[in-house]
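Colleague: Structure, please.
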Amino acid sequence: MTTQELTATEGVPLPSRKPQSLRAAWPALLGLCLAMLVEMVDNSILNVALPTVGRDLQANPTDLQWIVGAYSLTFGGLLMVGGTLGDKLGRRRTLLTGLALFGAAGLAVLLVQTPAQLIAVRALSGAFAALMAPLTMSLVFRLFDREDLRTKAIGVIMVVSMIGFAIGPTLAGLAVQSWPWQSLLVLNAPMALIAWVGVRFGVAKDDPADRRRGGTDVPGGLFSVGALGLILYSFTAGTEYGWSSPRTLGILAAGIVCLIAFVWREKTAKDPMLDLGLLAIPTVRGSAVMQTAVMIAMVGVMFGSTQLYQYAWGWSAFKAGLANLPFVAGMLLVGPFVDRMVVRLGHRKTSMVGISLVLVSLLLWVYAVSHGYLWCAIGMLIMTMGMRTIMTTGAVALLGALPETHTSIGSAMNDTAQELGNAVGVAIVGTVMATVVGKTLPHGAWDAATVNGFVHSQQISFWILAGLVLVMSAIGIRTLTDSKETEEH
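Modeller: The predicted model follows:
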């Protein structure tokens, strides 16, 4: 019984003890909003500061690639482990633990003196964020027993997250103008503390009866992170030691072994992290592939553009942050039209429109990097319009293809596909940059030859991204149906 309880003796309904308005639940709602906010904007705000980080730590292009990619790698690789831990140990307890550790990782940046140390801190932050992300929304359902309040609360959390995503890079650029770049990550600590207090005192304790029995597939999570990390690191090793060197081939082989071990583990484990049988459902598999593809494109462009603005064009961090606003504008502009397209065209044709926009934007970026910011801004608008279309349609298609009992794992799969795209996109652009421009970049003003080499590397990267998106989307679109289901239904 969720909305009311019966007295044991009289069977008389008693009013629910859960909050009956958003105002009554404000401490918990504040905590959940901040938890979602910090995990969502953490990497995007650091992107703006990458050139500053590079100059301060004497980081090379490969270092910058891993400073961003390490967070996505551990976050995406451990998301489903985080969800499983929440189900087994208690969602509130796991979220509180994740918030405490995430805040501590933010403070650890004060001890960082080398790129390797920062990469380690970012990897830890991603792992701790994986304890938070799968549980934030699920606790909304625990907080309220009225469906209308749950819907409103989810709306509030998403609006806060979108506002943070919109203004986060701009504020980060402004902050870097006046404060050390470390402040961007240290800020996670007080925000995590406020979120911790809100959840601790605003959300009821976990009910032992709600905990899921069975094991937690930590080995599966470690194998997944090892496979992705080693395979992506083989790109870096190829630029440093040669693509046919024993070291590069050994790293790649180790990654493939981890991948095989992950598949074996998931097929044989009593309580696997990922039921591989779900990927046998065509729409689930195709939706995940398409979301990975568009995130590869989106993050690859964001990673390259920030350095284009500050390194090649000599812009300040604040100006570079402002320059990213068209990314957000495109996402907001297309939002009201996505559901209408789905109702009129269905999932398959709507996804074809979205992928076409992403491909057009990548080709436009090939031209834009050597022809000024106006073309870049147009490319950003088109990119995020396509991305928002695919993300919305793909998530609905993926969850709609799963049994109702698997919606939680479906949500985790959705997030994992996106974080996989994050890591791969940064790896591709970073590897091409290191190969074409060199393992080190000048930390002062660039001469014309360096700028030209950097621009050329970006053009090569965007051609590669376009080809990859084209192949992956061709695989994904085939699996979609003409369903006209939207997220509102």
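
Colleague: Map the structural domains onto the sequence of the protein.
Modeller: As recorded under automatic domain parsing, the domains making up the chain are 23-206+213-217+269-273, 278-489.

Colleague: Can you check which of those gets nearest to residue 234?
Modeller: Residue 234 sits nearest to domain 278-489 of all the domains of the chain, at 9.7 Å, using Cβ to Cβ. In short, each C-beta sits where N, CA and C put it, glycine included.

Colleague: and that closest one, what's its mean pLDDT?
Modeller: Mean pLDDT, computed over domain 278-489, is 83.

Colleague: one step back: looking at the domains of the chain, which is closest to residue 252?
Modeller: Judging those by Cβ to Cβ, what sits closest to residue 252 is domain 278-489, at 13.1 Å.

Colleague: how far does the closest one sit from the chain's center?
Modeller: Domain 278-489 sits 12 Å away from the centroid of its parent chain (Cα atoms, centre = their mean, to the nearest Å).

Colleague: try stretch 126-140
Modeller: On Cα atoms, centre = their mean, the centre of stretch 126-140 falls 12 Å from the chain's centre.

Colleague: and residue 369, what does it touch?
Modeller: When contacts are counted by Cβ atoms under 8 Å, 6 or more residues apart in numbering, residue 369 touches 304, 308, 376, 455, 458, 459, 462.

Colleague: before we move on, back to that, so can I have CSV of the domains of the chain showing distance to residue 231?
Modeller: Formatted as CSV, these follow (distance: least, Cβ to Cβ, whole Å):
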stretch, distance to residue 231
domain 23-206+213-217+269-273, 11
domain 278-489, 9
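
Colleague: Out of these, the one nearest residue 258 is which?
Modeller: Of all the domains of the chain, domain 23-206+213-217+269-273 comes closest under Cβ to Cβ, at 10.7 Å.

Colleague: re earlier: check the contacts of residue 369 and tell me the two furthest apart.
Modeller: 376 and 459 (12.8 Å).

Colleague: ok, these two, which is more surrounded?
Modeller: Between residue 376 and residue 459, counted using other Cβ atoms under 10 Å, residue 376 has the larger neighbour count: 22 against 19.

Colleague: Distance check, the more buried one against residue 312.
Modeller: With distances taken as Cβ to Cβ, to the nearest Å, residue 376 is found 12 Å from residue 312.

Colleague: Selecting buried members of the contacts of residue 369 in PyMOL, what would you type?
Modeller: In PyMOL syntax, the buried subset of the contacts of residue 369 is picked out as below (16 or more other Cβ atoms under 10 Å):
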select buried, resi 304+308+376+455+458+459+462
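
Colleague: So for the host helix or strand of residue 470, what gets flagged as buried?
Modeller: Taking DSSP states H and E as the criterion, residue 470 maps to helix 448-477. For helix 448-477, burial by neighbour count (16+ other Cβ under 10 Å) applies to 450-451, 453-455, 457-462, 464-466, 468-469, 472-473, 476-477.

Colleague: other SSEs contacting that helix?
Modeller: helix 282-307, helix 347-368, helix 407-437 (3 or more Cβ pairs under 8 Å, 6 or more residues apart in numbering; DSSP states H and E).

Colleague: What is the neighbour count of residue 63?
Modeller: Neighbours of residue 63 (other Cβ under 10 Å): 23.

Colleague: Leaving out the residues flanking it, which one is nearest to it?
Modeller: Spatial nearest neighbour of residue 63, excluding adjacent residues (Cβ to Cβ, 6 or more residues apart in numbering): residue 115 at 3.8 Å.

Colleague: circling back to that earlier point, could I get the contacts of residue 369 as TSV with distance to residue 206?
Modeller: Formatted as TSV, these follow (distance: Cβ to Cβ, whole Å):
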residue	distance to residue 206
304	44
308	47
376	48
455	54
458	48
459	52
462	47
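
Colleague: From residue 346, how far out is residue 97?
Modeller: Applying Cβ to Cβ to residue 97 and residue 346 gives a distance of 43 Å.

Colleague: Next, the contact list for the residue nearest to residue 316 when sequence neighbours are not counted, please.
Modeller: Among residues not flanking residue 316 along the chain, residue 177 sits closest, at 6.3 Å (Cβ to Cβ, 6+ apart). Counting by Cβ under 8 Å, 6+ apart, residue 177 makes contact with 316, 317, 318.

Colleague: just to revisit the earlier point, output the helices and strands packed on helix 448-477 as JSON lines; include the columns distance to residue 71.
Modeller: Output for the helices and strands packed on helix 448-477, formatted as JSON lines (distance: least, Cβ to Cβ, whole Å):
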{"stretch": "helix 282-307", "distance to residue 71": "11"}
{"stretch": "helix 347-368", "distance to residue 71": "23"}
{"stretch": "helix 407-437", "distance to residue 71": "8"}
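
Colleague: ok, and which of the ones you listed has the densest surroundings?
Modeller: Across these, averaging neighbours per residue (mean count of other Cβ atoms under 10 Å) puts helix 282-307 on top, at a mean of 25.

Colleague: So which elements touch that helix?
Modeller: helix 26-57, helix 61-89, helix 347-368, helix 373-400, helix 407-437, helix 448-477.

Colleague: so which of those gets nearest residue 183?
Modeller: helix 26-57 (9.4 Å).

Colleague: Buried residues, the closest one. List them.
Modeller: Across helix 26-57, burial judged by 16+ other Cβ under 10 Å covers 27-57.

Colleague: Now do the same contact list for residue 261.
Modeller: Going by Cβ under 8 Å, 6+ apart, the list of residues near residue 261 reads 223, 227.
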